[in-house]
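Asks: this one's structure only:
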């Protein structure tokens, strides 16, 4: 989805504004890919999907996949979590719920907000998008 100029301007106001729009998440994900940290966004989005699930079997399956893809120390897409959060997840994997990764998700959200978001706001990805939308608005 192509964002509007208003949306792109709103992303500069807060990280939450960026993350609530699909176009914002896409643009940010493109930027994260250039920084080799796209797994943070992928993990966050997988957790959002898991929270919507009600079927116990599907929750267990999705939780196992998320664990193998992002939590396991053997995964090439492992996200950076502290040991306390990892231990809690490891204990809860016996019987996972749709909220098993909430603490980890918050940690990754905070990491993206603190580290990647300021760089995104200063990146060519963001500035080029803002400029192209500004030019389109002037033409219209």
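Replies: Looks like it came in fine. Nothing here was measured: the structure is a model prediction, and the numbers come from that model.
Asks: list the buried residues of the worst-scoring helix or strand of the chain on mean pLDDT.
Replies: Scoring the helices and strands of the chain by mean pLDDT, DSSP states H and E places helix 124-139 at the bottom, with a mean of 90. Within helix 124-139, the residues scored as buried using 16 or more other C-beta atoms under 10 Å are 125-126, 129-130, 133. Backbone N, C-alpha and C define where each C-beta goes, glycine included.
Asks: so which other helices or strands are in contact with that helix?
Replies: helix 5-13, helix 22-34 (3 or more C-beta pairs under 8 Å, 6 or more residues apart in numbering; DSSP states H and E).
Asks: what's stretch 8-26 in contact with?
Replies: 1-3, 7, 27-28, 41, 45, 109, 112-113, 117, 120-121, 126, 129-130, 133 (C-beta atoms under 8 Å, 6 or more residues apart in numbering).
Asks: if you count neighbours, what's buried in it?
Replies: Residues of stretch 8-26 classed as buried by neighbour count (16+ other C-beta under 10 Å): 8, 10-11, 15, 18-19, 21, 23-25.
Asks: need the residues you listed in TSV with pLDDT and distance to residue 52, can you?
Replies: Putting the buried residues of stretch 8-26 into TSV (pLDDT from 0 to 100; distance: C-beta to C-beta, whole Å) gives the following:
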residue	pLDDT	distance to residue 52
8	96	27
10	97	25
11	97	24
15	98	22
18	97	21
19	97	16
21	95	18
23	95	20
24	96	19
25	96	16
